[in-house]
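Asks: what follows is a predicted protein model with its sequence.
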Amino acid sequence: MKNVLTIAGSDSSGGAGIQADLKAFAAHGVFGMSVITAVTAQNTQGVFAVQDITPEVIAKQIEAIFEDIDVAAVKIGMVSQIETAVTIAEGLKKYNAKKIVVDPVMVSKSGFHLLNPAAEATLVRELLPLATILTPNIPEAEVITGRTIVTLSDMEDAARDILALGCKNVLMKGGHLEGDSTDILFDGDNFTYFPSPRIATKNTHGTGCTLSSAIAASLGRGMSVAEAVAAAKEYITVAIEHALTIGRGVGPTHHFYSLYKKAGMLADG
Ligand SMILES: Nc1ncnc2c1ncn2[C@@H]1O[C@H](COP(=O)(O)OP(=O)(O)O)[C@@H](O)[C@H]1O
Ligand SMILES: Cc1ncc(COP(=O)(O)O)c(N)n1
């Protein structure tokens, strides 16, 4: 089995962050490992407290994993502070980590700044150039590029700008657009569109975390970037179609729908 690492924040309600990442890894048949960057007190309605993990303990978690275990791919999610981003970049460079998916998490769906705005430039400078693929949503791409993004053509322009900052591929996620939820992959030469009809649900907690982890898992298993994105888009679409009404707010996606269906473990068959 391939070993895949998530470097991200903990979501106590289990729908996003480290918890979503490990579930997505498990659903993809890879062995999941975690470096926790922050602990959030969070549920489907909001984020109520954050404890950042110290740079020393983040560095030690990275060291403990890479000194002992082969890491086939890495996903980076919530990094919260300047020192967090710097520590992660140093660690991944030291161990020459490959196949890195960077989800530039900034603001939660409930409106909480998971990345200190003062650390945005550091994230872009330190982590973006390490990315095999960067997976911004529209608001994140707007922060990174300074552009206003409304149309698919705006998404393409922003993707060009972001690639020029040093990542190898960029997947512009369309969850925040009107109409279809079309993601656009840019590899520096070609744009590939991954459209899906917008699913009418309020339960989209953790969609970005789940998508980026699914990409990392498939990269770790040896797929190309385009293959990994195609597989991840199919996976997240099913996970959103069967999202769970848990809690009173924005519920989580269903990481195991297809597997449970095959195993006859769904109440509705
Ligand atoms: N309502 C929806 N229907 C179908 N796909 C969606 C919907 N919302 C988000 N997605 C998909 O979920 C993935 C995550 O996108 P997005 O929600 O934009 O990211 P984030 O969680 O980072 O804000 C993308 O593949 C996007 O197209
Ligand atoms: C710890 C943590 N990390 C990331 C997210 C983003 O979630 P989403 O994928 O819904 O944007 C979150 N809400 N909490």
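Replies: All right, it came through fine. None of the values given here were measured: they were computed from a predicted structure. Ligands and ions are numbered 1, 2, ... in the order given.
Asks: return the residues of the stretch 151-269 of the chain in contact with ligand 2.
Replies: With CB under 6 Å from any ligand atom as the criterion, the stretch 151-269 of the chain meets ligand 2 at residues 205-209. C-beta coordinates here come from the backbone N, C-alpha and C atoms, glycine included.
Asks: which members of these are the farthest-apart pair?
Replies: Spatially, the most separated pair among these is His205 and Gly208, at 9.9 Å (CB to CB).
Asks: so which of the two has more stuff around it?
Replies: Counted by other CB atoms under 10 Å, His205 and Gly208 do not tie: His205 has more neighbours, with 30 against 23.
Asks: angles on the backbone of the more buried one, please.
Replies: His205 adopts backbone torsions of phi -70, psi 120, taken as degrees, to the nearest 10.
Asks: who's in contact with it?
Replies: Counting by CB atoms under 8 Å, 6 or more residues apart in numbering, His205 makes contact with 13, 15-16, 44, 109, 249-253.
Asks: do you know how far Thr132 is from ligand 1?
Replies: Here Thr132 is placed at a distance of 17 Å from ligand 1 (CB to the nearest ligand atom, to the nearest Å).
Asks: need the strands for the stretch 151-269 of the chain, in chain order.
Replies: In the stretch 151-269 of the chain, the strands defined using DSSP state E, counting those that start in this stretch lie at 170-172, 183-186, 191-194.
Asks: can you tell me which of those strands is most buried?
Replies: The highest average neighbour count among these, using mean count of other CB atoms under 10 Å, belongs to strand 170-172 at a mean of 27.
Asks: ok, back up a step: make JSON lines out of the strands of the stretch 151-269 of the chain and add distance to Val35 and mean pLDDT.
Replies: Formatted as JSON lines, the strands of the stretch 151-269 of the chain follow (distance: least, CB to CB, whole Å; pLDDT from 0 to 100):
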{"stretch": "strand 170-172", "distance to Val35": "22", "mean pLDDT": "98"}
{"stretch": "strand 183-186", "distance to Val35": "26", "mean pLDDT": "98"}
{"stretch": "strand 191-194", "distance to Val35": "29", "mean pLDDT": "98"}
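Asks: now those as CSV including distance to ligand 1?
Replies: Output for those, formatted as CSV (distance: least, CB to the nearest ligand atom, whole Å):
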stretch, distance to ligand 1
strand 170-172, 8
strand 183-186, 5
strand 191-194, 7
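Asks: ok so, going back, closest to Val30 among the contacts of His205?
Replies: Nearest to Val30 among the contacts of His205, with distances taken as CB to CB, is Thr253, at 18.2 Å.
Asks: so who does that closest one touch?
Replies: 15, 20, 203-207, 210, 236, 239-240, 242-244.
Asks: ok, Gly251 to Gly208 distance?
Replies: Gly251 sits 15 Å away from Gly208, going by CB to CB, to the nearest Å.
Asks: tell me if I'm right that Gly249 and Val47 touch.
Replies: No: in this structure, Gly249 is not within contact of Val47 by CB atoms under 8 Å, at 11.2 Å.
Asks: can I assume Ala38 sits in a helix?
Replies: No: read with DSSP: H, G, I helix; E, B strand; the rest coil, Ala38 is strand and lies in no helix.
Asks: taking the stretch 101-250 of the chain, what residue is nearest to ligand 2?
Replies: Closest approach of the stretch 101-250 of the chain to ligand 2 (CB to the nearest ligand atom) occurs at Gly208, with a separation of 3.5 Å.
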